[in-house]
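[1] Need coordinates for the below:
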Amino acid sequence: MKAVENMYRFTDFYHNEVTLSFDDHPFSRDPKHVWVICRYQNKWLLTKHKERGLEFPGGKVERNETAKEAGVREVMEETGGTVESIRYVAQYSVAGKGGTIIKNVYFAEIDKLTAQETYYETEGPIQLARLPVNVKRNMKYSFIMKDDVLEHCMKFIGKE
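    Below is the predicted model of the structure:
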């Protein structure tokens, strides 16, 4: 991994090249994906994806929706969480075999959790007092949690 000013380069779980930056939207003003690191009542709020495992909520930006709006919607859909505050943290680019994906990372404080009839492709909210030190090797966690994006973002928001 090498850092160039406010930029980091490394490979993800699937050996794709990832470039992470804490600058303001360095790769796209209109990213198509979001990932939201969430806190609720002094605990981390994750969701359990039915196939991938535990992860912070996130997904695709829908038509006529900003990335921030997508983040708020994804948190509600996947956890039932109502966002009290949300702020941009970083943006990263993944050069995958099927093309490049650009994703905004946000940090959100959650005001309340409301039970949902469906959590879409997830099994709903999971609260953790602490994230395990060995997330990268823990089979319960999604591949999304296993690259250096999580580690750098946690340091940036001061919650490592």
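[2] Endpoints of stretch 139-150, how far apart?
    16 Å (C-alpha to C-alpha, to the nearest Å).
[3] Other residues contacting it?
    1, 8, 10-14, 18, 20, 35, 37, 49, 52-56, 58, 90, 92, 105, 135-136 (C-beta atoms under 8 Å, 6 or more residues apart in numbering). Any C-beta I mention is one placed from the backbone N, CA and C, and that applies to glycine too.
[4] Give me the buried entries from those.
    Buried members of the contacts of stretch 139-150, scored by 16 or more other C-beta atoms under 10 Å, are 8, 10, 12, 18, 20, 35, 37, 49, 53-56, 58, 90, 92, 105.
[5] Spatially, which two of those are the most separated?
    Spatially, the most separated pair among these is Tyr8 and His49, at 24.9 Å (C-beta to C-beta).
[6] which non-adjacent residue is nearest Thr79?
    Pro125 (4.0 Å; C-beta to C-beta, 6 or more residues apart in numbering).
[7] Touching, the one you found and Leu45? I think so.
    Yes - judged on C-beta atoms under 8 Å, Pro125 makes contact with Leu45 at a distance of 6.0 Å.
[8] Common neighbours of these two, please.
    Thr79, Gly81, Leu113.
[9] Measure how buried the second one is and give me the count.
    Other residues near Gly81 number 27, with proximity taken as other C-beta atoms under 10 Å.
[10] Now do the same contact list for the residue lying closest to it once chain neighbours are set aside.
    Once flanking residues are discounted, Gly81 sits nearest to Ile110: 4.1 Å by C-beta to C-beta, 6+ apart. By C-beta under 8 Å, 6+ apart, Ile110 lies in contact with Cys38, Arg39, Tyr40, Leu45, Val75, Thr79, Gly81, Thr82, Val83, Glu84.
[11] try Gly96
    Contacts of Gly96 by C-beta under 8 Å, 6+ apart are Tyr14, Asn16.
[12] what do you get if the cut-off is 6 Å, keeping everything else the same?
    By C-beta atoms under 6 Å, 6 or more residues apart in numbering, Gly96 lies in contact with Asn16.
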